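Engineer: Below are the sequence and a predicted model; questions follow.
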Amino acid sequence: MTVVTQIGGIIYLIAILSVKRSAKKRQLKKLAIFSGLYLIATFLIVPNVAPIFGREKITETEFLRAKSFFYKLANRNYVRPKLNESLNQIATKFEKRNSGIKMIYLDANFPFIDKFPLLPHLSHNDGKKVDVSLIYEEPNGKLTNKKPSVSGYGVYEDPTENEYDQNSVCKQRGNWQYDFPKYLTLGTVNKDIEFSEKGTRELVNLILRQNSTGKLFIEPHLKTRLNLKSGKVRFHGCQAVRHDDHIHFQLK
């Protein structure tokens, strides 16, 4: 629970200590206490304490949404105020250009303590990083808010035969984890939609134009395909996981 939510382990320990070993229906009582305390902490206490650590919840709007309620329930939706501001500016500009199309965020950061790992990510540990979904389109070419996986991760826009295959290169070097998120989809959906080059390029360029953006990670073949020239676009390294199912960007 600590690995997944940061605060869950402590709350579970409190729940265990709150119920006597001799109590009837002990497991049920522990579950009830844990659930109640966890929800109170997550939605009432943590948002008010996180600013002490320089972080705040991502402010959702009609243009900016989490892919799943899980990211909010697991306290993985915290960022520094500057990143929060940037997210909303980007989402607003993108929707103005593409009516009704939202910016969808995935994992951001935990609310407390720099360098506390947000697994399976290597760097989401200081409030400066966030993952957002690629943009997809219907068979008729119209942009859509639909995504190809339940979690937002794990369904890749693979390189073509003529594009550089970073996944194969990294795995040949022994980095077996490079495409591990394919096991984290929680189910594939909307199999009729396709990756939108135009929509994703437009979103990426809006991110890159933000003065606060320091780096953006996307798979090398997509960098080439989308004709991204900015020096802010970097390769994340074989020790990480592939980035052709989402975009990662971070503050300077």
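Structural biologist: Received, thanks. Since the structure is predicted, the reported quantities are computational estimates derived from the model, not experimental observations.
Engineer: burial count for V189?
Structural biologist: Neighbourhood size, V189 [other CB atoms under 10 Å]: 14. From N, CA and C alone the C-beta is placed, and that goes for glycine too.
Engineer: distance of the residue nearest to it when sequence neighbours are not counted from L106?
Structural biologist: Spatial nearest neighbour of V189, chain neighbours left out: V150 (6.2 Å); criterion: CB to CB, 6 or more residues apart in numbering. Distance of V150 to L106, computed by CB to CB, to the nearest Å: 12 Å.
Engineer: swap in S123?
Structural biologist: 14 Å.
Engineer: For V150 and L106, indicate the residue with more neighbours.
Structural biologist: Each of V150 and L106 has its neighbours counted (other CB under 10 Å); L106 has more, 23 against 18.
Engineer: For the more buried one, which non-adjacent residue is closest in space?
Structural biologist: Distance criterion CB to CB, 6+ apart; nearest residue to L106, sequence neighbours excluded, is D131 at 4.1 Å.
Engineer: what about the one you found, helix or strand, and which?
Structural biologist: strand 129-133 (DSSP states H and E).
Engineer: which residues are contacting that strand?
Structural biologist: 58, 67, 79, 83, 87, 103-109, 121, 123-124, 147, 152, 203, 207, 246-251 (CB atoms under 8 Å, 6 or more residues apart in numbering).
Engineer: Name the residues of stretch 33-42 that come out as buried.
Structural biologist: Neighbour-count burial for stretch 33-42, counted by 16 or more other CB atoms under 10 Å, picks out I33, F34, L37, Y38, A41, T42.
Engineer: before we move on, what about stretch 22-32?
Structural biologist: K30.
Engineer: Please state the mean pLDDT value computed over that stretch.
Structural biologist: Averaged over stretch 22-32, pLDDT sits at 87.
Engineer: Also stretch 233-247?
Structural biologist: Per-residue pLDDT values across stretch 233-247 average out to 96.
Engineer: so how far is it from its chain's centroid?
Structural biologist: The chain centroid and the centroid of stretch 233-247 are separated by 13 Å under CA atoms, centre = their mean, to the nearest Å.
Engineer: Measure how the longest helix seen in the chain sits relative to strand 129-133, angle-wise.
Structural biologist: In the chain, taking DSSP state H as the definition, the longest helix is helix 81-97. Interaxial angle of helix 81-97 relative to strand 129-133 (axes from the mean of the first three to the mean of the last three CA atoms, to 10 degrees): 20 degrees.
Engineer: Could you list every helix and strand in contact with the helix or strand following helix 81-97?
Structural biologist: In the C-terminal direction, the helix or strand that comes right after helix 81-97 (DSSP H and E) is strand 103-105. Here strand 103-105 touches strand 64-66, helix 81-97, strand 129-133, going by 3 or more CB pairs under 8 Å, 6 or more residues apart in numbering; DSSP states H and E.
Engineer: just the ones you listed: most buried one?
Structural biologist: Across the helices and strands packed on strand 103-105, averaging neighbours per residue (mean count of other CB atoms under 10 Å) puts strand 129-133 on top, at a mean of 24.
Engineer: if we can go back for a sec, OK, contacts around the residue nearest to V189?
Structural biologist: S68, T185, L186, G187, T188, V189.
Engineer: Would you format those as JSON lines with pLDDT, distance to L17 and secondary structure included?
Structural biologist: Below are the contacts of V150 laid out as JSON lines (pLDDT from 0 to 100; distance: CB to CB, whole Å; DSSP: H, G, I helix; E, B strand; the rest coil):
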{"residue": "S68", "pLDDT": "96", "distance to L17": "31", "secondary structure": "coil"}
{"residue": "T185", "pLDDT": "97", "distance to L17": "37", "secondary structure": "coil"}
{"residue": "L186", "pLDDT": "96", "distance to L17": "33", "secondary structure": "coil"}
{"residue": "G187", "pLDDT": "96", "distance to L17": "37", "secondary structure": "coil"}
{"residue": "T188", "pLDDT": "97", "distance to L17": "41", "secondary structure": "strand"}
{"residue": "V189", "pLDDT": "97", "distance to L17": "41", "secondary structure": "coil"}
